[in-house]
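>>> Need the 3D shape of this:
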Amino acid sequence: MSDTQKIGFIIGSLRKGSYNRMVAKALMERATKNFECTIIEIGDLPLYNEDLDTDTPPEAWTKFRKEVKGMDGIVFVTPEYNRGTTAAIKNAIDVGSRPYGKSVWASKPAAVVSASMSAMGGFGANHQLRQSLVFLDMPVMQQPEAYIGKAQDLFDKDGKLTNEDTGKFFDKIMDTYSNWVKKLT
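Predicted coordinates for the structure are as follows:
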């Protein structure tokens, strides 16, 4: 096993100034030195359609699958839309889990962080996403649960985290996730 673990971050909000992207970047900044963190972009993935999953699937799918396959673990950062995760994350999950029997997700240690402008912090999205990850055979870190509420109040105009208590919580998330990945890889 290498000392460095490759960790992919998948962000469910496609908006350029997304609070979830700010959360992901703040988490990446707090990652332990044994993590090499990368954002895996999902905005250019065509919607999954089995008819397109031939010997020559869309190039974006092939690139995405290869990128995920090369990761030792995945951190999902999702907003909540209508009490669930986003279509973008669900599509990424579907693209990565197909064709049947060739899922790139299996056995990759996962963490789920949800962030929203509401006080509930994306609770519904967090748990909906966990259901899919369990089915995909991704061991999901159970604690600490990470629901980041009122995300709009945690960052400055440049997207830097300004809340010290949230920073300490992000440290805990990343330290615990580091131990989770070590245990499972």
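
>>> mind listing the strands in this protein by residue range?
Taking DSSP state E as the test, the strands found in the chain are 5-11, 35-39, 73-78, 110-115, 146-148.

>>> Quick check: pLDDT value at Thr32.
Predicted confidence (pLDDT) for Thr32: 85.

>>> Please name the residues that touch it.
Residues near Thr32 by Cβ atoms under 8 Å, 6 or more residues apart in numbering: 174-175, 178. For every residue, glycine as well, the C-beta is placed using N, CA and C.

>>> mind checking pLDDT for Val23?
Model confidence at Val23, given as pLDDT, is 97.

>>> how many neighbours does the closest residue to it other than its chain neighbours have?
Closest residue to Val23 apart from its sequence neighbours, by Cβ to Cβ, 6 or more residues apart in numbering: Ala115 at 4.6 Å. Residues lying near Ala115 (other Cβ atoms under 10 Å) number 31.

>>> got the contact list for Ala115?
Ala115 sits next to 19-20, 23, 77-79, 121-122, 147-149, 151 when contact means Cβ under 8 Å, 6+ apart.

>>> could I get those residues as CSV with neighbour count and distance to Thr54?
Shown next, in CSV, are these (neighbours: other Cβ atoms under 10 Å; distance: Cβ to Cβ, whole Å):
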residue, neighbour count, distance to Thr54
Tyr19, 22, 38
Asn20, 26, 33
Val23, 28, 37
Val77, 30, 32
Thr78, 27, 30
Pro79, 27, 33
Gly121, 22, 41
Gly122, 31, 36
Tyr147, 21, 40
Ile148, 26, 40
Gly149, 18, 44
Ala151, 22, 40
